[in-house]
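coords below, sequence missing:
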């Protein structure tokens, strides 16, 4: 495989006057052109071309991408606006009134005075009799379930 | 000495046995009644089986078996009815509110019915044929409504006796309260006296209401008669009157408590 010599061949730099004059008379060797010549070569019979305006630098983002960006910004703005609008129109939370803790204000019950007769033995026995009478009467069952009369069969089928 | 002791023991047994029988508690009488009734149900079932077999086979053996079973059934039926009257008699003895007049009436009813059932029981062993059994059973059937009426009247009388007892105790308390009110009038203000008089009047009115209901019940007890369904209807109606009379006594006792509170404080 033959490897091409990729090393650029640069023209030899003239050292002496004779070499310089010789270089002038020789056409320039093929050297890498790094910059455009300032002036176009003059060719007899052909009018010089008007200078080409320098090309504008290419947009690195791209028109399409700009549109997408604008649409995204607009959408985001619409969402943000809608959120802020809804938040502003939502009813304000009702503040619960503070719980009222009732305070117990004991009112003194007037204590009635006992009568003279309440300490007598007759009244005390009267009270006890009433209590026992009420207790017995309230719990007494008048209808006794054991007093239900018996049902006796009277029809004896004795006929053949 | 030995002869005297033996005579004493003999006399004691003759006297103590009927006394102990008469003093048998109502609980023991109720257990006897339950036993007799269970035995009656068992003999009824045995008779029904024997009679079914006789009708099916129509043999002499099945006929004799049916005859034996019906004799036992007729005797046991009267015995169950009698045991229930004896139980009612014990309940009459224990009742604290029956006056002697009313107690005598119900005891007479029971005595008559027990005598009739005893006669029916005595006839049972002499039954010789199914026709005889039919005639003896017919005597029981003829008396059945009277027997059921006696049951219900006695039960109503026992309930009225308990109401009389509570009314009597209430009356005693009302008399005591009146005495206390008279003693408290000396120190009581006119307003207090008016309060006490009002309670006394309320008590008196409530007791009058109770007495009216009790008189209605008392006059309605002898009217429990007729066929068994009518007796049940009249008896149930009487239970409503009993409940109303008892309620009057309960309210009157609550008025007594109010009166006691009014007397306790100035």
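Yep, it's here. Only a predicted model underlies this, so the values are computations on that prediction, with no experimental measurement involved.

longest helix of the chain?
Looking at chain A here, since you left the chain open. helix A:63-89 (DSSP state H).

ah, no, chain B please
Assignment by DSSP H gives helix B:130-184 as the longest helix of chain B.

what residues does chain A have near chain B?
A:112-118, A:120, A:122-123, A:126-127, A:129-130, A:133-134, A:136-138, A:140, A:142-144, A:146-147, A:149-150, A:152-154, A:156-160 (Cβ under 8 Å from any Cβ of the partner chain). (C-beta placed from N, C-alpha, C; glycine too.)

among the residues you listed, which lie within helices?
The helices, defined by DSSP H, take in A:122-123, A:126-127, A:129-130, A:133-134, A:136-138 from the residues of chain A next to chain B.

farthest residue from the center of chain B?
Using Cα atoms, centre = their mean, the residue of chain B lying farthest from its centre is residue B:189. It sits 50.6 Å away.

residue B:115 and residue B:105, how far apart?
When Cβ to Cβ, to the nearest Å is applied, the distance between residue B:115 and residue B:105 equals 16 Å.

those two: which is more packed in?
A side-by-side neighbour count of residue B:115 and residue B:105, using other Cβ atoms under 10 Å in any protein chain shown, places residue B:105 first with 16 against 11.

quick one, what contacts that one?
Residue B:105 is in contact with residue B:157, counting by Cβ atoms under 8 Å, 6 or more residues apart in numbering or on different chains.

try residue A:133
B:166, B:169-170, B:173, B:253, B:256.

tell me which two in these are the farthest apart.
Of all pairs drawn from those, the one with the longest distance (Cβ to Cβ) is B:166 and B:256, at 12.3 Å.

after the longest helix of chain B, which helix or strand is next?
Counting by DSSP states H and E, the element after helix B:130-184 in chain order, helix or strand, is helix B:190-220.

now the angle from that following helix to helix B:130-184?
Helix B:190-220 and helix B:130-184 meet at an angle of 170 degrees, taking axes from the mean of the first three to the mean of the last three Cα atoms, to 10 degrees as the criterion.

now for the chain, the helix or strand with the poorest mean pLDDT.
No chain specified, so I'll use chain A. helix A:17-25 (a mean of 58; mean pLDDT, DSSP states H and E).

show me the shaky parts of chain A.
A:1-47, A:53-61, A:90-106, A:160 (pLDDT under 70).

if we can go back for a sec, so which elements touch the longest helix of chain A?
Here helix A:63-89 is seen to pack against no other helix or strand when contacts are counted using 3 or more Cβ pairs under 8 Å, 6 or more residues apart in numbering or on different chains; DSSP states H and E.

in that helix, which residues are buried?
Going by neighbour count (16 or more other Cβ atoms under 10 Å in any protein chain shown), nothing in helix A:63-89 comes out as buried.

just stretch B:192-204 next, same as before
Within stretch B:192-204, the residues that qualify as buried are B:192, B:195-196, B:199-200, B:203, counting by 16+ other Cβ under 10 Å.

repeat for stretch B:219-236
B:220-221, B:224, B:231, B:234-235.

how about stretch B:74-94?
Buried, per 16+ other Cβ under 10 Å, within stretch B:74-94: B:74-93.

return only those of the residues you listed found close to chain A.
Among the buried residues of stretch B:74-94, the ones lying close to chain A by the criterion of Cβ under 8 Å from any Cβ are B:74, B:77, B:80-81, B:84, B:87-88, B:91.

between all of those residues, which two are separated the most?
In those, two members sit farther apart than any others by Cβ to Cβ. They are B:74 and B:91, at 27.0 Å.

got the angle for the longest helix of chain B vs helix A:121-139?
Going by the same axes, to 10 degrees, helix B:130-184 makes 150 degrees with helix A:121-139.

and helix B:130-184, what does it pack onto?
Helices and strands touching helix B:130-184, as assessed by 3+ Cβ pairs under 8 Å, 6+ apart, comprise helix A:121-139, helix B:60-94, helix B:100-123, helix B:190-220, helix B:228-264.

okay, those helices in a markdown table with distance to residue B:42 next?
Formatted as a markdown table, those follow (distance: least, Cβ to Cβ, whole Å):
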| stretch | distance to residue B:42 |
| --- | --- |
| helix A:121-139 | 38 |
| helix B:60-94 | 9 |
| helix B:100-123 | 17 |
| helix B:190-220 | 37 |
| helix B:228-264 | 24 |
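
nearest to residue B:36, of those helices?
helix B:60-94 (4.1 Å).

tell me the angle of that closest one relative to helix B:130-184?
Orientation of helix B:60-94 against helix B:130-184 (the same axes, to 10 degrees) gives an angle of 10 degrees.

for the residue in the stretch 51-200 of chain B that chain A sits nearest to, which non-adjacent residue is closest in space?
In the stretch 51-200 of chain B, the residue found nearest to chain A is residue B:151; the distance is 3.8 Å by Cβ to the nearest Cβ. Using Cβ to Cβ, 6 or more residues apart in numbering or on different chains and skipping the chain neighbours, the partner closest in space to residue B:151 is residue A:149 (3.8 Å).

pretty sure the one you found is touching residue B:81, no?
No - with the criterion set as Cβ atoms under 8 Å, residue A:149 and residue B:81 do not qualify as a contacting pair; they are 9.3 Å apart.

overlap of the contact sets of these two?
Going by Cβ under 8 Å, 6+ apart, no residue sits against residue A:149 while also sitting against residue B:81.

which intervals of chain B have sub-threshold pLDDT?
Low-confidence segments of chain B, defined by pLDDT under 70, are located at B:1-24.

per-domain residue ranges of it.
The record, using automatic domain parsing to delimit domains, assigns chain B the ranges B:25-149, B:163-264.

among those, which is nearest residue B:156?
The minimum distance between residue B:156 and the domains of chain B falls on domain B:163-264, with 4.7 Å, by Cβ to Cβ.

how far does the closest one stretch from start to finish?
One end of domain B:163-264 sits 29 Å from the other (Cα to Cα, to the nearest Å).
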